[in-house]
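Student: Got a predicted model here, sequence first, then my questions.
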Amino acid sequence: MLLAKIKEALSSLYEDIQETQEAPAADDAAAVEAEATVVEAAAEEETAAIDTAPVAADAAEEAQAKETAPEQEDAEPEEAEEPQAPPGPKETDYKAKGYHLDVDLPPEKIPEAAEILLRENFFIESITGVDWIDEQQLEAVYDFNHFDELCRVVIRTRTDRDNPAIPTISHIYQGANWHERETHDFFGIKFTGHPNLEPLLLPEDADFHPLLKDFKA
Amino acid sequence: MNGLLQQDVNQETFTLNLGPQHPATHGVLRVKLVMDGEYIVEAEPVLGYIHRMHEKMGENRTWVKFLPNCGRMDYLSALSYNHGYVAAVERAAGIEVPERAEYLRVITVELNRISSHLLWFGAFVLDLGGFTPLLYAFDDREFILDLLESVTGSRLTYCYFRFGGVYNDIDDAFIAGTREFIKKQRKRMPMYDALVTKNIILIKRLKEIGPISKDMAIRYGATGPVARGSGINYDVRKNEPYSVYPEFDFDVPVYEEGDSMARYMVRMDEIEQSMRIIEQALDKLPEGDIKPKKAVKLVKPEKGDYYHAVEAARGSFGVRLVSDGTNTAYRLKLRSPTYSNLSLYGEATKGMLLPDALALMGSLDLVIPEIDR
């Protein structure tokens, strides 16, 4: 029950992602037909990304994205009929994995996801990082769970290893404050908007990040 | 002018450092307090004084070699940490556990939970100025430590669980000793009730003081007795059953008040519930192996990430591990309960009297090595 509800609520976050990143959404049959238009769309997407990249994810940008989105949708009407498109919350095998829902989001969507989860009274278990050094990326993993009904939701996002930044959720879940500080300690991920991103577990003058795979003591 | 001066005097605050070496913080925790007289304007816990980077240690030794680390985080309920870690790795690597081993795990974990609650009980009342109960509690706890020593080989930093089972089987002396302990402890509890719980001084120090709301527990992720004292019926053993817990009949004590007294009552009631679990486990204890027939020598979980939580004495202890298919963890995250429980301290103590804030801190049942990891 809760799982279906939260899955649907979190799916809404993907609407404008799908509109701007259409390429992976095409299924096998449609893929061949769509290929030509996808290349165009990808080119459009690139230019759009360059336009908006330096600006932080603010309301104006989202509005802009929404404005440009319908045009692309017109170009590929098949997309609208696909709610089960590959990007989206994925149900996982709880027995094997230990969590129910796996949600992969771009960094700027994290606060929105946290708001949705808080609205459904999910509590925050932890935030942590993983260093994917081969891909030059840092992953942040957010664990949520519910007090009334077992439903573990994992939100994950990836950021560039050279300049890792993710918007904070400490104003939504106050408990995230420490978890984000800890993740900053260990991985150097900057949680933008965090009120006090000082070392928490490491010494106050620490300028190293011990859980990075290339860390040398 | 006079009025202005008056205002300035009222707004005068000072900074007070509590700890890192202070008996009330039970270890090396420092709290930076901004005080207005006796009242707390702001309280900020400062952590990391015994940070040992267990998570990095998890990445530079094999899965098996990390086992002893599990006994060195929460040294008061070390077996729960054993359990959380082995269960997570067993889930990841698909290791089967014989039923008898699961029973032994439950029995020892619950004994460990009682010993942890007893120590907390003594130390908490000591925080509030009552010295005697500590001595009684330590006397009881000694009984459990002897029992656990006979089977695990250690008294505090247990490393008893193995992947797929436990290290040692229990004998008749352990079973008889455990039953005797329960009988003895059942007689002790009414005395604690009369001596401490119904004590007017204790009630005045705890009742309606240090409120933690349901909403706060959600926003900070508080679990365990702290959440259950705020009317949240959440216990990993019931909500997310693992091991053989579904086979036992026990209650989850929940108190609605959210004050320090409620958290006190939850733990005192849990002692009885743990004893019920142990009794049933001893009655139903199946014969059989305590470790897999074919010894688990090489642990290589498949690529991917896995999560497993257990109910430790202080709340939900979670292990999130990322495996790259080798015999060493790619990433090992330890989600410790008191870390989240303490994070709400700043908000909960706003405007509180300092002695009440110390009572609140005691009611959170902090174990600093587990926060700092």
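Tutor: Arrived safely.

Student: can you pull the pLDDT of the residue lying closest to residue B:175 once chain neighbours are set aside?
Tutor: Nearest non-adjacent residue to residue B:175, counting by CB to CB, 6 or more residues apart in numbering or on different chains: residue B:282, 5.9 Å away. For the C-beta atoms, the positions are set from N, CA and C on the backbone; glycine is no exception. Residue B:282 is assigned a pLDDT of 91 by the prediction.

Student: Residue B:282 falls within a helix, correct?
Tutor: Yes - the assignment for residue B:282 by DSSP: H, G, I helix; E, B strand; the rest coil puts it in a helix.

Student: Residue A:203: neighbouring residues, count only.
Tutor: Residue A:203 has 12 neighbouring residues, counting by other CB atoms under 10 Å in any protein chain shown.

Student: Just the element for it, please.
Tutor: With secondary structure defined by DSSP states H and E, residue A:203 is part of neither a helix nor a strand.

Student: hmm, back to that, so who does the residue nearest to residue B:175 touch?
Tutor: Residue B:282 is in contact with B:107, B:175, B:178-179, counting by CB atoms under 8 Å, 6 or more residues apart in numbering or on different chains.

Student: Check whether residue B:338 really touches residue B:313, as I assumed.
Tutor: No - taking CB atoms under 8 Å as the definition, residue B:338 is not a contact partner of residue B:313, at 9.9 Å.

Student: joint contacts of the two?
Tutor: With CB under 8 Å, 6+ apart, residue B:338 and residue B:313 have common neighbours B:74, B:365.

Student: of the two, who's got more company?
Tutor: The residue with more neighbours, out of residue B:338 and residue B:313, is residue B:313; 30 against 25, by other CB under 10 Å.

Student: does residue B:46 really touch residue B:30, like I thought?
Tutor: Yes - using CB under 8 Å, residue B:46 and residue B:30 qualify as a contacting pair, with a distance of 4.2 Å.

Student: got any residues that touch both of the two?
Tutor: With CB under 8 Å, 6+ apart as the test, residue B:46 and residue B:30 both reach residue B:20.

Student: in chain B, which segments are predicted with low confidence?
Tutor: In the predicted model of chain B, residues B:1-11, B:24-25 satisfy pLDDT under 70.

Student: what about residue A:143, is that helix, strand or coil?
Tutor: Residue A:143 falls in the strand class when you classify it by three-state DSSP.

Student: about what we covered before: of all the contacts of residue B:282, which two lie farthest apart?
Tutor: The two members of the contacts of residue B:282 with the most space between them (CB to CB) are B:107 and B:179, at 11.3 Å.

Student: Give me every residue in chain A lying close to chain B.
Tutor: If contacts are counted using CB under 8 Å from any CB of the partner chain, the residues of chain A sitting beside chain B are A:96-99, A:118, A:121-126, A:128, A:130-131, A:141, A:143, A:145, A:147-148, A:150, A:152, A:154, A:173-175, A:177-178, A:186, A:199-203, A:210-211.

Student: Just the buried subset of these, please.
Tutor: The neighbour-count test (16 or more other CB atoms under 10 Å in any protein chain shown) marks A:97-99, A:118, A:122-126, A:128, A:130-131, A:141, A:143, A:145, A:147, A:150, A:152, A:154, A:173-175, A:177-178, A:186, A:199-202, A:210-211 as buried among these.

Student: So which of those residues belong to helices?
Tutor: Within those, residues falling in helices by DSSP state H are A:97, A:118, A:177-178, A:186.

Student: Doesn't residue B:187 belong to a strand?
Tutor: No - secondary structure assignment places residue B:187 outside any strand; it is helix (three-state DSSP).

Student: Could you tell me how many residues sit around the residue nearest to residue B:95 when sequence neighbours are not counted?
Tutor: On the basis of CB to CB, 6+ apart, the spatially nearest residue to residue B:95 that is not a chain neighbour turns out to be residue B:164, at 4.6 Å. Residue B:164 is surrounded by 23 other residues when neighbours are defined as other CB under 10 Å.

Student: what do you get for residue B:17?
Tutor: Burial of residue B:17, expressed as a neighbour count using other CB under 10 Å, amounts to 11.

Student: Can you verify it is assigned to a strand?
Tutor: Yes - with three-state DSSP as the criterion, residue B:17 is part of a strand.

Student: What is the longest helix seen in chain B packed up against?
Tutor: Counting by DSSP H, the longest helix found in chain B is helix B:99-127. Of the remaining helices and strands, those touching helix B:99-127 by 3 or more CB pairs under 8 Å, 6 or more residues apart in numbering or on different chains; DSSP states H and E are helix B:78-93, helix B:132-152, strand B:165-166, helix B:172-192, helix B:260-284, helix B:354-363.

Student: could I get those as JSON lines with distance to residue B:126?
Tutor: Formatted as JSON lines, the helices and strands packed on helix B:99-127 follow (distance: least, CB to CB, whole Å):
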{"stretch": "helix B:78-93", "distance to residue B:126": "22"}
{"stretch": "helix B:132-152", "distance to residue B:126": "5"}
{"stretch": "strand B:165-166", "distance to residue B:126": "34"}
{"stretch": "helix B:172-192", "distance to residue B:126": "14"}
{"stretch": "helix B:260-284", "distance to residue B:126": "14"}
{"stretch": "helix B:354-363", "distance to residue B:126": "9"}
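
Student: Can you tell me which of these is nearest to residue B:214?
Tutor: Within those, the stretch nearest residue B:214 is helix B:260-284; the backing value is 11.8 Å (CB to CB).

Student: immediately after that closest one, which helix or strand?
Tutor: Read in the C-terminal direction, the helix or strand following helix B:260-284 is strand B:304-312, with elements assigned using DSSP H and E.

Student: Show me what that next one is packed against.
Tutor: Contacts defined by 3+ CB pairs under 8 Å, 6+ apart place strand B:304-312 against helix A:94-97, strand A:137-146, helix B:78-93, helix B:236-239, strand B:315-323.

Student: closest to residue A:160 out of the ones you listed?
Tutor: Once CB to CB is applied to the helices and strands packed on strand B:304-312, the stretch that comes out nearest is strand A:137-146, at 6.7 Å.

Student: Can you give the strand pairings for the closest one, parallel or anti for each?
Tutor: If you go by DSSP bridges, strand A:137-146 pairs up with strand A:122-132 (antiparallel), strand A:153-160 (antiparallel).

Student: any bit of stretch B:69-82 sitting next to chain A?
Tutor: No - contact between stretch B:69-82 and chain A is absent, the nearest approach being 13.0 Å (criterion: CB under 8 Å from any CB).

Student: So what would you say the end-to-end distance of that stretch is?
Tutor: Across its full length, stretch B:69-82 reaches 9 Å end to end, with CA to CA, to the nearest Å as the criterion.

Student: One more: stretch B:43-63?
Tutor: In terms of CA to CA, the two terminal residues of stretch B:43-63 are separated by 39 Å.

Student: Help me see whether it makes contact with chain A, please.
Tutor: Yes - where contact is defined by CB under 8 Å from any CB, part of stretch B:43-63 touches chain A, namely B:47-48, B:51, B:53, B:55-56, B:59.
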